[in-house]
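> this is a predicted model, with the sequence first.
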Amino acid sequence: MGKEFKTTLETHDLPTRIEVIDQPSGIYNINYETFKEYFVEEGFETEEKWELYLQDFVGVDQDVIEEIAEFYDVYWAYCDPDGHRNKGNDYFVIYKQRSQTMKTYKVKTSWIGYSEYTVKADSKEEAEELCMCGSSDTERHTLSGLDYGGDEEQVTETKIIKESDNGK
């Protein structure tokens, strides 16, 4: 559409591909088991102790989320998709960046016809998996009209065609 906006509500420098670890709406929804090492380090050896602490919690959720991210050396972001218009739609994302040395693979497959995909991935196995579920950057095939793949499609060859693209 090419519309230019005159204002920006906020700016986030997020990588284009992330691996989401947890997506809580606040500290009351954090997955205890996922971040158990952090909670134990902070003196909450059990989920029950953490829940008791939350009953009297007065503070800012963002501070706890930030501490967890720092503890695990991962990232976090606050997301409010509707710009505060509806209460309860906001959430946090705790994530790690995809490998900055992501490679570009060419994956060839055969079925009744033939397909050739290009896909960015961290490993040969991930590249093949992405192609088989239809998540490739490009696809060339002998049967027009397919969104992806064909019946009984099998990978015949996978090779790196670009060593690093810094995850973009």
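Good, I have the coordinates.
> quote the end-to-end distance of stretch 24-40.
One end of stretch 24-40 sits 19 Å from the other (CA to CA, to the nearest Å).
> list the buried ones in that stretch?
For stretch 24-40, the neighbour count (16 or more other CB atoms under 10 Å) marks 24, 27, 30, 35, 38-39 as buried. For glycine as for every other residue, the C-beta is placed from the backbone atoms N, C-alpha and C.
> likewise for stretch 53-68?
Within stretch 53-68, the residues scored as buried using 16+ other CB under 10 Å are 61, 64-65, 68.
> can you flag which of the residues you listed belong to helices?
61, 64-65, 68 (DSSP state H).
> adding distance to residue 81, write the residues you listed out as JSON lines.
Listed next are those as JSON lines, based on distance: CB to CB, whole Å:
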{"residue": "61", "distance to residue 81": "17"}
{"residue": "64", "distance to residue 81": "22"}
{"residue": "65", "distance to residue 81": "17"}
{"residue": "68", "distance to residue 81": "22"}
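> among those, which one lies nearest to residue 52?
Nearest to residue 52 among these: residue 64, at 15.3 Å, using CB to CB.
> pull up the gap between the closest residue to the closest one other than its chain neighbours and residue 69, please.
Using CB to CB, 6 or more residues apart in numbering and skipping residues adjacent in sequence, the residue nearest residue 64 is residue 27, 4.7 Å away. Using CB to CB, to the nearest Å, residue 27 is found at 13 Å from residue 69.
> no more questions from me, cheers.
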